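Colleague: After the sequence you'll find the predicted model.
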Amino acid sequence: MPLFAHAARGARLAVRRAQGARFTTSWRTYATSTRNSTPRTVAVKKASTGTNASASTTAKDANNSKEVDPLQGAADVPETYELDVEGLPEAVASASTTSFPTPQSAFVGELLPGSDPVATDWSRSYHGLSSQAFSKEIADVLLAPIDERDIEIKPDGLIYLPEIKYRRILNKAFGPGGWGLAPRTETNVGPRVVSREYALVCMGRLVAIARGEQEYFDPSGIPTATEACKSNALMRCCKDLGVASELWDPRFIREFKEKHCVEIWGEHITTKKKKRLWRRKDQPKLDYPYRE
């Protein structure tokens, strides 16, 4: 091919490259194009007319065509709000401004979780202990002498007052519902003894704490022993109130036994063993398991 033909062909190829046109060689075809990138636009949703955002409303009034950033003005929102009660009905205004006092009947840390906010946790509390003496009318009932006809004696010689007598005295002094026993510990079940600590609460005040205990001889008797240890704790708590305090006086015990009781020989029905036992003089003779 002549030299001028090569030069002409090279000139035509240069013009086509400059114009971005399609050109062809002897073995491969190329295509060039110019890429134009368009910046992405972010569409912002305008605030609805029903919102109460002060920043969006102000921007809309200033320029309806101007888009507002939904986060604009978030830092200007006050942390606390004050209710404007002017123009409201009197009943609504008073309800909005009324404050309710917090009950002060219980100490901090003595409230039962998830229960009545004024209830006292008597498993830990000592609320009202020795804060004030009971009235003279209540004291006269609690300290009244015990009727000797109500006193019982066990075969081993221990004198006692039946539990129902303690309950009657407390009901007479404080009224039914004016006193109660509150457990302070879990029930402790030993190999032969069941025990639990109770608090005697009268008129909303703790007055005494005692541990009741009761023996049992078979696992099936544990429920009964649990109830019996409650009665034992009641009897011990009543000592602090002066109820039946004579039963703890050694002189009274000796005089009562000499006056109202008798010691006899009893023979066991099965083993035929004899043993010294006690009973009241006005009670019938023993018949089981010992017989006179």
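Modeller: Structure received.
Colleague: Pop the domain breakdown of the chain in here.
Modeller: According to the domain assignment given by automatic domain parsing, the chain is divided into the following structural domains: 136-245, 249-292.
Colleague: mind checking the end-to-end distance for the first one?
Modeller: The first and last residues of domain 136-245 sit 18 Å apart, counting by C-alpha to C-alpha, to the nearest Å.
Colleague: low-scoring stretches of the stretch 1-150 of the chain, by residue?
Modeller: 1-8, 14-15, 18-118 (pLDDT under 70).
Colleague: elements contacting the longest helix that the chain contains?
Modeller: Of all the segments of type helix in the chain, defined by DSSP state H, the longest one is helix 222-241. If contacts are counted by 3 or more C-beta pairs under 8 Å, 6 or more residues apart in numbering; DSSP states H and E, helix 222-241 sits against helix 163-174, strand 179-183, strand 193-202, strand 205-215. Placement of C-beta: from N, CA and C, glycine included.
Colleague: can you redo the ones you listed as CSV with mean pLDDT?
Modeller: Compiled in CSV, the helices and strands packed on helix 222-241 are given as follows (pLDDT from 0 to 100):
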stretch, mean pLDDT
helix 163-174, 95
strand 179-183, 94
strand 193-202, 94
strand 205-215, 94
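Colleague: Out of the ones you listed, which gets nearest to residue 282?
Modeller: Comparing these by their distance to residue 282 (C-beta to C-beta), the top pick is helix 163-174, with 17.3 Å.
Colleague: List the buried residues in that closest one.
Modeller: By neighbour count on 16 or more other C-beta atoms under 10 Å, the buried set for helix 163-174 is 165, 166, 169, 170, 173, 174.
Colleague: what angle do it and helix 222-241 make?
Modeller: Our comparison of helix 163-174 with helix 222-241, counting by axes from the mean of the first three to the mean of the last three C-alpha atoms, to 10 degrees, yields an angle of 50 degrees.
Colleague: CA atoms of helix 163-174 as PDB?
Modeller: Extracted as PDB, the C-alpha positions of helix 163-174 are listed here (Å, rounded to 0.1, in the frame of the first residue of the first chain):
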ATOM      1  CA  GLU A 163     -54.200 -22.000 124.000                       C
ATOM      2  CA  ILE A 164     -57.800 -21.000 123.600                       C
ATOM      3  CA  LYS A 165     -57.600 -19.100 126.900                       C
ATOM      4  CA  TYR A 166     -54.800 -16.900 125.600                       C
ATOM      5  CA  ARG A 167     -56.800 -16.100 122.500                       C
ATOM      6  CA  ARG A 168     -59.900 -15.200 124.500                       C
ATOM      7  CA  ILE A 169     -57.800 -12.800 126.700                       C
ATOM      8  CA  LEU A 170     -56.300 -11.100 123.600                       C
ATOM      9  CA  ASN A 171     -59.700 -10.800 122.000                       C
ATOM     10  CA  LYS A 172     -61.100  -9.300 125.100                       C
ATOM     11  CA  ALA A 173     -58.200  -6.800 125.400                       C
ATOM     12  CA  PHE A 174     -57.800  -5.800 121.700                       C
END
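Colleague: Report the angle between that helix and strand 193-202.
Modeller: Going by the same axes, to 10 degrees, helix 163-174 is angled at 20 degrees with respect to strand 193-202.
Colleague: Can you name the residues that contact the nearest residue to residue 169 once chain neighbours are set aside?
Modeller: Distances taken as C-beta to C-beta, 6 or more residues apart in numbering place residue 243 nearest to residue 169, at 5.4 Å, with adjacent residues excluded. When contacts are counted by C-beta atoms under 8 Å, 6 or more residues apart in numbering, residue 243 touches 142, 166, 169, 170.
Colleague: Now do the third one against residue 242, distance only.
Modeller: As judged by C-beta to C-beta, to the nearest Å, residue 169 and residue 242 stand 10 Å apart.
Colleague: Noted, bye for now.
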